[in-house]
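Trainee: Sequence unavailable; structure follows:
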């Protein structure tokens, strides 16, 4: 299958490392010009840009706090000034600030909702404005593609992480509502919900053999996911091969959503 993404432009929020970086590398490998967005890790962002350019791709790094409207508008403006158009928005930026429910502070609650949910709203809203103005053009069958990065915790409750799970549940409904509203304008909106993916954010869960063994009891497929697993799905959803797909959530989770605790009759 040829994805035919060469010449398109993508913004990937929160992409200086982890899943976002993997998506940036994957899209760049398909010929997409990528805008690496970062909040504070400028060294990581610039190293990723260097890596992409070394492999023959095109990329720039732009600092922006996605929870701030002015920063998101600056991010879009910089992209358009550099590349002239925008075809893909991957709303990936997210973080965890964990605490038990009764000890969680309002600050911890707000921080996660502001980045993980409001940040996606702002990034997707500004991208949709650009897509609407551009219309369907030579870079594909749609006017633009939005990918919301969610999590298996948009469905699976997660004690001790109520702010994160709430935000991801909100992302699911945000994505579906956007998809419904924007489909007549040929703007496609989908979500990817990863399970356990080997990144720094969950290092504690896989860096220790005992913890990894415990984690694998939740994954029927028997391995932890890699960034490339998510990046491959992201590239597919951005391509015309997925042109008839909108409002869908694809779970990239090795079967975590299959309730493995019931595999032996519960």
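Mentor: That came in fine, so what should we check first? Predicted model, so just to flag it, every value in this text is computed and none were measured. Numbering: from 1, shown residues only.

Trainee: so where do the helices sit in the stretch 101-250 of the chain?
Mentor: Secondary structure of the stretch 101-250 of the chain by DSSP state H, counting those that start in this stretch: the helices cover 106-113, 119-134, 162-182, 203-206, 209-216, 227-238.

Trainee: list the helices and strands the longest one packs on?
Mentor: Spelled out, it's helix 162-182. Packed against helix 162-182, as judged by 3 or more Cβ pairs under 8 Å, 6 or more residues apart in numbering; DSSP states H and E, are the following elements: helix 106-113, helix 119-134, strand 144-149, strand 187-194. (Each C-beta comes from the backbone N, C-alpha and C, glycine too.)

Trainee: cool, and the fifth one?
Mentor: Of the remaining helices and strands, those touching helix 209-216 by 3+ Cβ pairs under 8 Å, 6+ apart are helix 203-206.

Trainee: now the last one
Mentor: Judged by 3+ Cβ pairs under 8 Å, 6+ apart, helix 227-238 is in contact with helix 18-29, strand 144-149, strand 187-194, strand 249-252.

Trainee: which residues are contacting the following helix or strand past the first one?
Mentor: Just to be clear, that refers to helix 18-29. Downstream of helix 18-29, the next assigned helix or strand under DSSP states H and E is strand 33-38. Contacts to strand 33-38, defined as Cβ atoms under 8 Å, 6 or more residues apart in numbering, come from residues 7-16, 20-21, 24, 27-28, 44-45, 48-49, 52, 57-64, 66, 75, 78-79, 82-83, 93.

Trainee: Roughly how far does residue 101 sit from residue 164?
Mentor: 12 Å (Cβ to Cβ, to the nearest Å).

Trainee: Same drill for the two, tell me which one is more crowded.
Mentor: Higher neighbour count among residue 101 and residue 164: residue 164, with 20 against 11, using other Cβ atoms under 10 Å.

Trainee: Provide a list of residues in contact with the more buried one.
Mentor: 96, 98, 112, 116, 151, 153, 158.

Trainee: Which members of the residues you listed are classed as buried?
Mentor: 112, 116, 151, 153 (16 or more other Cβ atoms under 10 Å).

Trainee: Need the distance between the two termini of stretch 100-118.
Mentor: Separation of the first and last residues of stretch 100-118 by Cα to Cα, to the nearest Å is 22 Å.

Trainee: For that stretch, buried residues please.
Mentor: 104, 108, 109, 111, 112, 113, 114, 115, 116, 117, 118.

Trainee: What is the burial count for the residue lying closest to residue 254 once chain neighbours are set aside?
Mentor: With sequence-adjacent residues excluded and distances taken as Cβ to Cβ, 6 or more residues apart in numbering, residue 254 is closest to residue 221, at 3.5 Å. When neighbours are counted by other Cβ under 10 Å, residue 221 registers 14.

Trainee: and if you look at residue 11?
Mentor: For residue 11, using other Cβ under 10 Å, the count is 29.

Trainee: Now it: which helix or strand?
Mentor: Using DSSP H and E, the element containing residue 11 is strand 9-12.

Trainee: Can you tell me the strand partners of that strand and which way each runs?
Mentor: According to DSSP bridges, strand 9-12 forms sheet pairs with strand 33-38 (parallel), strand 88-91 (parallel).

Trainee: Please identify the most buried of the ones you listed.
Mentor: strand 88-91 (a mean of 30; mean count of other Cβ atoms under 10 Å).

Trainee: Would you check how far apart residue 76 and residue 83 are?
Mentor: From residue 76 over to residue 83 (counting by Cβ to Cβ), the distance is 11 Å.

Trainee: If you could redo that for residue 40, that was the one I meant.
Mentor: Taken as Cβ to Cβ, the span from residue 40 to residue 83 is 24 Å.
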